[in-house]
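A.B. asks: no sequence for this one, just the structure:
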(Lines give C-alpha, C1' and ligand atoms only; values in the text may rest on other atoms or scores of the structure.)
Protein backbone atom coordinates (compact mmCIF):
# COMPACT_ATOMS: atom_id res chain seq x y z
CA UNK A 1 0.00 0.00 0.00
CA UNK A 2 2.84 2.41 0.80
CA UNK A 3 4.41 1.84 -2.61
CA UNK A 4 1.02 2.31 -4.35
CA UNK A 5 0.46 5.54 -2.43
CA UNK A 6 3.87 6.75 -3.52
CA UNK A 7 3.09 5.99 -7.16
CA UNK A 8 -0.25 7.80 -6.95
CA UNK A 9 1.44 10.76 -5.32
CA UNK A 10 3.94 10.97 -8.15
CA UNK A 11 1.16 10.75 -10.76
CA UNK A 12 -0.74 13.50 -8.96
CA UNK A 13 2.06 16.03 -9.31
CA UNK A 14 1.05 18.90 -11.56
CA UNK A 15 2.54 19.08 -15.02
CA UNK A 16 4.21 22.35 -14.10
CA UNK A 17 5.92 20.78 -11.10
CA UNK A 18 7.01 17.83 -13.21
CA UNK A 19 8.48 20.19 -15.80
CA UNK A 20 10.39 22.02 -13.07
CA UNK A 21 11.75 18.75 -11.67
CA UNK A 22 12.87 17.60 -15.11
CA UNK A 23 14.47 20.98 -15.72
CA UNK A 24 16.50 20.65 -12.51
CA UNK A 25 17.65 17.16 -13.48
CA UNK A 26 18.77 18.32 -16.92
CA UNK A 27 21.03 20.90 -15.29
CA UNK A 28 23.16 18.28 -13.48
CA UNK A 29 26.72 18.76 -14.81
CA UNK A 30 28.96 15.96 -16.05
CA UNK A 31 32.43 15.53 -14.59
CA UNK A 32 35.32 13.98 -16.46
CA UNK A 33 38.89 14.85 -17.44
CA UNK A 34 39.93 16.06 -20.88
CA UNK A 35 41.51 12.95 -22.45
CA UNK A 36 41.68 14.10 -26.07
CA UNK A 37 45.49 14.03 -26.05
CA UNK A 38 45.41 10.35 -25.05
CA UNK A 39 44.37 9.33 -28.56
CA UNK A 40 48.01 9.56 -29.66
CA UNK A 41 49.47 7.84 -26.58
CA UNK A 42 50.68 4.21 -26.80
CA UNK A 43 48.01 1.76 -25.65
CA UNK A 44 49.37 -0.32 -22.79
CA UNK A 45 48.36 -1.55 -19.36
CA UNK A 46 49.70 0.32 -16.34
CA UNK A 47 52.84 -1.23 -14.85
CA UNK A 48 53.44 -3.02 -18.18
CA UNK A 49 54.72 -0.09 -20.24
CA UNK A 50 58.30 -0.40 -21.50
CA UNK A 51 58.73 3.35 -21.93
CA UNK A 52 57.77 6.21 -19.64
CA UNK A 53 54.19 7.47 -19.79
CA UNK A 54 54.44 10.95 -21.30
CA UNK A 55 50.91 12.05 -20.47
CA UNK A 56 50.10 10.80 -16.99
CA UNK A 57 46.45 11.81 -17.44
CA UNK A 58 46.17 8.83 -19.80
CA UNK A 59 47.31 6.10 -17.40
CA UNK A 60 47.65 5.91 -13.59
CA UNK A 61 51.34 6.67 -13.00
CA UNK A 62 53.28 5.60 -10.96
CA UNK A 63 50.38 4.09 -9.00
CA UNK A 64 49.50 1.65 -11.76
CA UNK A 65 48.59 -1.27 -9.50
CA UNK A 66 45.00 -0.34 -8.73
CA UNK A 67 43.20 -1.93 -5.78
CA UNK A 68 39.42 -2.03 -5.43
CA UNK A 69 38.95 -2.59 -1.70
CA UNK A 70 35.89 -3.61 0.33
CA UNK A 71 34.98 -4.10 4.00
CA UNK A 72 32.88 -6.69 5.78
CA UNK A 73 31.84 -5.04 9.05
CA UNK A 74 29.19 -6.28 11.46
CA UNK A 75 28.25 -2.90 12.95
CA UNK A 76 28.90 0.82 12.44
CA UNK A 77 28.85 2.19 15.98
CA UNK A 78 26.51 4.93 14.79
CA UNK A 79 23.32 2.92 14.51
CA UNK A 80 21.42 5.39 16.68
CA UNK A 81 22.24 8.09 14.17
CA UNK A 82 20.83 5.93 11.37
CA UNK A 83 24.20 4.94 9.91
CA UNK A 84 23.55 1.34 8.88
CA UNK A 85 25.15 -1.31 6.69
CA UNK A 86 23.61 -2.51 3.41
CA UNK A 87 21.91 -5.87 3.65
CA UNK A 88 23.41 -8.63 1.48
CA UNK A 89 26.38 -6.54 0.41
CA UNK A 90 29.92 -5.75 1.44
CA UNK A 91 30.77 -2.06 1.69
CA UNK A 92 33.09 0.06 -0.39
CA UNK A 93 36.44 0.86 1.19
CA UNK A 94 38.33 2.62 -1.58
CA UNK A 95 40.22 2.69 -4.87
CA UNK A 96 43.95 2.70 -4.16
CA UNK A 97 46.97 3.40 -6.38
CA UNK A 98 49.87 1.16 -5.39
CA UNK A 99 53.14 1.62 -7.23
CA UNK A 100 54.25 -1.16 -9.50
CA UNK A 101 57.03 -2.07 -7.06
CA UNK A 102 54.66 -2.68 -4.13
CA UNK A 103 55.13 0.69 -2.47
CA UNK A 104 52.55 3.46 -2.29
CA UNK A 105 52.28 7.14 -1.53
CA UNK A 106 49.74 9.07 0.55
CA UNK A 107 48.38 12.63 0.59
CA UNK A 108 50.25 13.67 -2.54
CA UNK A 109 48.57 17.06 -2.94
CA UNK A 110 48.01 18.93 0.31
CA UNK A 111 46.08 21.63 -1.57
CA UNK A 112 43.40 18.95 -2.00
CA UNK A 113 43.51 17.70 1.58
CA UNK A 114 39.93 17.33 2.90
CA UNK A 115 40.56 14.69 5.57
CA UNK A 116 39.64 15.90 9.10
CA UNK A 117 41.80 13.16 10.69
CA UNK A 118 44.74 12.35 8.40
CA UNK A 119 46.28 8.90 8.74
CA UNK A 120 49.24 8.95 8.59
CA UNK A 121 49.46 12.40 10.14
CA UNK A 122 53.15 12.69 9.23
CA UNK A 123 54.47 11.59 5.84
CA UNK A 124 57.78 9.71 5.34
CA UNK A 125 59.47 13.01 4.36
CA UNK A 126 58.47 14.40 7.81
CA UNK A 127 55.81 16.66 6.33
CA UNK A 128 52.79 17.04 8.61
CA UNK A 129 49.42 16.57 6.94
CA UNK A 130 47.18 19.43 8.15
CA UNK A 131 43.75 18.55 9.51
CA UNK A 132 40.96 19.77 7.27
CA UNK A 133 38.41 22.00 9.01
CA UNK A 134 36.20 23.06 6.13
CA UNK A 135 32.82 21.82 4.87
CA UNK A 136 32.46 18.08 4.31
CA UNK A 137 32.91 16.50 0.90
CA UNK A 138 29.21 15.67 0.94
CA UNK A 139 28.65 19.39 0.32
CA UNK A 140 30.85 19.11 -2.78
CA UNK A 141 28.55 16.39 -4.11
CA UNK A 142 25.46 18.47 -3.42
CA UNK A 143 26.97 21.50 -5.17
CA UNK A 144 27.17 19.38 -8.34
CA UNK A 145 23.52 18.29 -7.81
CA UNK A 146 24.65 14.66 -7.70
CA UNK A 147 22.04 13.45 -5.26
CA UNK A 148 22.08 10.09 -7.05
CA UNK A 149 25.75 9.71 -6.20
CA UNK A 150 25.25 10.84 -2.61
CA UNK A 151 22.37 8.38 -2.16
CA UNK A 152 24.49 5.45 -3.37
CA UNK A 153 27.43 6.42 -1.19
CA UNK A 154 25.22 6.69 1.89
CA UNK A 155 24.00 3.15 1.21
CA UNK A 156 27.25 1.37 0.30
CA UNK A 157 30.27 3.49 1.36
CA UNK A 158 29.93 3.22 5.12
CA UNK A 159 32.30 4.28 7.89
CA UNK A 160 32.74 2.55 11.23
CA UNK A 161 32.89 4.78 14.29
CA UNK A 162 32.81 8.00 12.30
CA UNK A 163 30.73 9.85 9.76
CA UNK A 164 30.56 8.61 6.20
CA UNK A 165 31.62 11.98 4.79
CA UNK A 166 34.83 11.91 6.85
CA UNK A 167 35.63 8.47 5.44
CA UNK A 168 35.03 9.59 1.85
CA UNK A 169 37.27 12.61 2.43
CA UNK A 170 40.00 10.33 3.76
CA UNK A 171 39.86 8.07 0.73
CA UNK A 172 40.05 10.95 -1.73
CA UNK A 173 42.76 12.87 0.08
CA UNK A 174 45.00 9.91 0.84
CA UNK A 175 44.61 7.94 -2.39
CA UNK A 176 43.06 9.92 -5.24
CA UNK A 177 45.58 12.74 -4.89
CA UNK A 178 48.26 10.13 -5.62
CA UNK A 179 46.47 8.90 -8.76
CA UNK A 180 47.70 10.83 -11.77
CA UNK A 181 44.48 10.59 -13.78
CA UNK A 182 42.66 12.62 -11.13
CA UNK A 183 45.19 15.47 -11.20
CA UNK A 184 43.56 18.87 -11.61
CA UNK A 185 45.72 19.47 -14.71
CA UNK A 186 43.91 16.60 -16.47
CA UNK A 187 40.65 18.58 -16.49
CA UNK A 188 41.95 21.43 -18.62
CA UNK A 189 41.03 25.11 -18.50
CA UNK A 190 37.33 24.35 -17.92
CA UNK A 191 38.01 22.73 -14.54
CA UNK A 192 35.41 23.41 -11.87
CA UNK A 193 36.48 23.25 -8.25
CA UNK A 194 36.04 19.74 -6.77
CA UNK A 195 35.24 18.22 -10.15
CA UNK A 196 38.05 15.73 -9.53
CA UNK A 197 36.50 14.74 -6.19
CA UNK A 198 33.17 13.86 -7.79
CA UNK A 199 34.97 12.05 -10.59
CA UNK A 200 36.90 9.92 -8.09
CA UNK A 201 33.76 8.95 -6.20
CA UNK A 202 32.11 7.91 -9.46
CA UNK A 203 35.17 5.87 -10.45
CA UNK A 204 35.39 4.16 -7.05
CA UNK A 205 31.74 3.12 -7.28
CA UNK A 206 32.14 1.97 -10.88
CA UNK A 207 34.97 -0.35 -9.78
CA UNK A 208 33.06 -1.51 -6.68
CA UNK A 209 30.12 -2.62 -8.81
CA UNK A 210 32.39 -5.00 -10.72
CA UNK A 211 32.78 -7.16 -7.62
CA UNK A 212 29.57 -8.15 -5.78
CA UNK A 213 31.55 -10.03 -3.14
CA UNK A 214 28.55 -11.05 -1.05
CA UNK A 215 26.78 -12.59 -4.04
CA UNK A 216 29.91 -14.27 -5.40
CA UNK A 217 30.54 -16.00 -2.07
CA UNK A 218 26.87 -16.86 -1.53
CA UNK A 219 26.75 -18.54 -4.93
CA UNK A 220 29.22 -21.08 -3.48
CA UNK A 221 27.28 -21.59 -0.29
CA UNK A 222 29.44 -19.17 1.70
CA UNK A 223 27.20 -16.89 3.73
CA UNK A 224 27.65 -15.02 7.02
CA UNK A 225 27.29 -17.32 10.02
CA UNK A 226 27.99 -17.13 13.72
CA UNK A 227 28.44 -20.91 13.84
CA UNK A 228 30.12 -22.06 10.63
CA UNK A 229 33.72 -21.36 9.63
CA UNK A 230 35.29 -21.62 6.17
CA UNK A 231 38.82 -22.61 5.13
CA UNK A 232 40.77 -19.87 3.41
CA UNK A 233 41.07 -22.00 0.26
CA UNK A 234 37.28 -22.21 -0.05
CA UNK A 235 36.95 -18.44 0.14
CA UNK A 236 39.72 -17.68 -2.36
CA UNK A 237 38.65 -20.41 -4.80
CA UNK A 238 35.09 -19.09 -4.87
CA UNK A 239 36.25 -15.58 -5.74
CA UNK A 240 38.96 -16.73 -8.16
CA UNK A 241 36.44 -18.79 -10.14
CA UNK A 242 34.39 -15.62 -10.78
CA UNK A 243 37.17 -13.07 -11.31
CA UNK A 244 40.01 -15.10 -12.78
CA UNK A 245 42.43 -14.06 -10.05
CA UNK A 246 43.06 -14.54 -6.34
CA UNK A 247 42.25 -11.37 -4.36
CA UNK A 248 43.77 -10.39 -1.06
CA UNK A 249 41.63 -11.47 1.88
CA UNK A 250 42.17 -9.65 5.16
CA UNK A 251 41.33 -11.07 8.58
CA UNK A 252 41.43 -9.76 12.14
CA UNK A 253 41.72 -11.62 15.48
CA UNK A 254 44.90 -13.52 14.61
CA UNK A 255 43.71 -14.27 11.12
CA UNK A 256 40.41 -15.88 12.08
CA UNK A 257 37.74 -13.22 11.30
CA UNK A 258 37.14 -12.15 7.70
CA UNK A 259 37.02 -8.37 7.35
CA UNK A 260 38.39 -7.20 4.00
CA UNK A 261 39.00 -8.03 0.34
CA UNK A 262 41.24 -6.26 -2.19
CA UNK A 263 40.89 -6.88 -5.93
CA UNK A 264 44.08 -5.94 -7.79
CA UNK A 265 44.46 -4.72 -11.37
CA UNK A 266 46.51 -3.21 -14.11
CA UNK A 267 44.54 -0.61 -16.06
CA UNK A 268 44.42 0.11 -19.78
CA UNK A 269 43.60 3.79 -20.03
CA UNK A 270 42.55 6.14 -17.24
CA UNK A 271 41.53 4.90 -13.82
CA UNK A 272 38.16 6.54 -14.41
CA UNK A 273 37.15 4.72 -17.58
CA UNK A 274 39.87 2.25 -18.55
CA UNK A 275 39.80 -1.54 -18.74
CA UNK A 276 40.70 -3.26 -15.47
CA UNK A 277 42.71 -6.48 -15.85
CA UNK A 278 42.33 -8.50 -12.66
CA UNK A 279 45.56 -9.91 -11.18
CA UNK A 280 46.49 -12.31 -8.41
CA UNK A 281 47.18 -10.47 -5.19
CA UNK A 282 50.77 -9.37 -4.66
CA UNK A 283 50.11 -9.21 -0.91
CA UNK A 284 49.88 -12.44 1.14
CA UNK A 285 46.56 -12.93 2.89
CA UNK A 286 46.44 -12.11 6.60
CA UNK A 287 43.89 -14.91 7.10
CA UNK A 288 44.90 -18.21 8.68
CA UNK A 289 45.75 -21.16 6.46
CA UNK A 290 45.36 -23.64 9.28
CA UNK A 291 42.15 -22.69 11.11
CA UNK A 292 38.63 -21.98 9.94
CA UNK A 293 37.72 -18.38 9.05
CA UNK A 294 34.70 -16.75 10.68
CA UNK A 295 32.49 -14.76 8.31
CA UNK A 296 30.24 -13.33 10.99
CA UNK A 297 26.63 -12.23 10.66
CA UNK A 298 25.83 -8.58 11.03
CA UNK A 299 24.77 -7.35 14.46
CA UNK A 300 21.00 -7.05 14.83
CA UNK A 301 19.71 -3.59 13.82
CA UNK A 302 23.06 -2.74 12.18
CA UNK A 303 21.93 -3.33 8.61
CA UNK A 304 19.00 -2.37 6.45
CA UNK A 305 17.51 -3.23 3.09
CA UNK A 306 18.73 -0.88 0.37
CA UNK A 307 17.64 -2.80 -2.73
CA UNK A 308 14.22 -1.26 -3.19
CA UNK A 309 12.67 1.65 -5.01
CA UNK A 310 12.22 4.48 -2.55
CA UNK A 311 9.37 6.42 -4.11
CA UNK A 312 8.72 9.95 -2.89
CA UNK A 313 5.58 11.15 -1.20
CA UNK A 314 3.68 14.26 -2.25
CA UNK A 315 5.94 16.98 -3.63
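C.D. replies: Done, it's in. As the structure is a computational prediction, the values presented were derived from the model and not from experiment. Residues are numbered from 1 along each chain as shown.

A.B. asks: Test my guess that residue 171 contacts residue 205.
C.D. replies: No. Contact criterion Cβ atoms under 8 Å: residue 171 and residue 205 do not qualify, at 11.5 Å. Glycine gets a C-beta too; all of them are placed from N, C-alpha and C.

A.B. asks: Among the two, which residue is more densely surrounded?
C.D. replies: residue 171 (21 against 16; other Cβ atoms under 10 Å).

A.B. asks: List phi and psi for that one.
C.D. replies: phi -60, psi -40 (degrees, to the nearest 10).

A.B. asks: so how far is residue 157 from it?
C.D. replies: 8 Å (Cβ to Cβ, to the nearest Å).

A.B. asks: which residues are in contact with both of those two?
C.D. replies: Residues touching both residue 171 and residue 157 (Cβ atoms under 8 Å, 6 or more residues apart in numbering) are residue 204.

A.B. asks: hey, where'd the helices end up in this protein?
C.D. replies: Secondary structure of the chain (DSSP state H): helices located at 2-11, 15-26, 137-143, 147-156, 164-175, 195-208, 213-218, 232-243.

A.B. asks: nearest to residue 294, of the ones you listed?
C.D. replies: Counting by Cβ to Cβ, residue 294 lies closest to helix 232-243 out of these; the figure is 11.2 Å.

A.B. asks: Could you list the buried residues of the closest one?
C.D. replies: Buried residues in helix 232-243, counted by 16 or more other Cβ atoms under 10 Å: 232, 235, 236, 238, 239, 242, 243.

A.B. asks: So in the protein, which strand runs the longest?
C.D. replies: Determined from DSSP state E, the single longest strand within the chain is strand 257-268.

A.B. asks: Report the angle between that strand and helix 195-208.
C.D. replies: 110 degrees (axes from the mean of the first three to the mean of the last three Cα atoms, to 10 degrees).

A.B. asks: Which elements pack onto strand 257-268?
C.D. replies: With contacts taken as 3 or more Cβ pairs under 8 Å, 6 or more residues apart in numbering; DSSP states H and E, strand 257-268 sits against strand 65-71, strand 91-98, helix 232-243, strand 248-252, strand 275-279, strand 293-294.

A.B. asks: what's the average pLDDT for it?
C.D. replies: When pLDDT is averaged over strand 257-268, the result is 98.

A.B. asks: by how many degrees do that strand and strand 275-279 diverge?
C.D. replies: Using the same axes, to 10 degrees: strand 257-268 against strand 275-279 is 130 degrees.

A.B. asks: Can you point out the buried residues in strand 257-268?
C.D. replies: 257, 258, 259, 260, 261, 262, 263, 264, 265, 266, 267.

A.B. asks: Okay, now the unreliable bits of the stretch 1-150 of the chain?
C.D. replies: Counting by pLDDT under 70, the ranges of the stretch 1-150 of the chain that qualify are 1-26.

A.B. asks: which among the buried residues of helix 232-243 gets closest to residue 194?
C.D. replies: residue 243 (32.7 Å).

A.B. asks: wait, isn't that closest one in contact with residue 278?
C.D. replies: Yes. Look at residue 243 against residue 278 with Cβ under 8 Å: they come within range, at 5.1 Å.

A.B. asks: Give me the common contacts of these two.
C.D. replies: Common neighbours of residue 243 and residue 278 (Cβ under 8 Å, 6+ apart) are residue 263.

A.B. asks: follow-up on the earlier one: in a markdown table: the helices of the chain, plus distance to residue 100.
C.D. replies: Putting the helices of the chain into a markdown table (distance: least, Cβ to Cβ, whole Å) gives the following:
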| stretch | distance to residue 100 |
| --- | --- |
| helix 2-11 | 50 |
| helix 15-26 | 42 |
| helix 137-143 | 29 |
| helix 147-156 | 29 |
| helix 164-175 | 16 |
| helix 195-208 | 18 |
| helix 213-218 | 25 |
| helix 232-243 | 21 |
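
A.B. asks: So which of the ones you listed is nearest residue 301?
C.D. replies: Among those, helix 147-156 sits nearest to residue 301 (Cβ to Cβ), with 16.6 Å.

A.B. asks: contact partners of the closest one?
C.D. replies: 86, 89, 91-92, 138, 141-142, 164, 168, 198, 201-202, 205, 208, 306.

A.B. asks: Give the ChimeraX command for selecting the buried subset of those.
C.D. replies: Restricted to buried positions by 16+ other Cβ under 10 Å, the ChimeraX selection for the contacts of helix 147-156 reads:
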select :86,89,91,92,138,141,164,168,198,201,202,205,208,306
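
A.B. asks: Tell me which two in the contacts of helix 147-156 are the farthest apart.
C.D. replies: Most distant of the contacts of helix 147-156, by Cβ to Cβ, are 89 and 142, 24.3 Å apart.

A.B. asks: in the sheet, who's paired with the residue lying closest to residue 259 once chain neighbours are set aside?
C.D. replies: Distances taken as Cβ to Cβ, 6 or more residues apart in numbering place residue 252 nearest to residue 259, at 5.0 Å, with adjacent residues excluded. Beta bridges link residue 252 to residue 257, judged by DSSP bridges.
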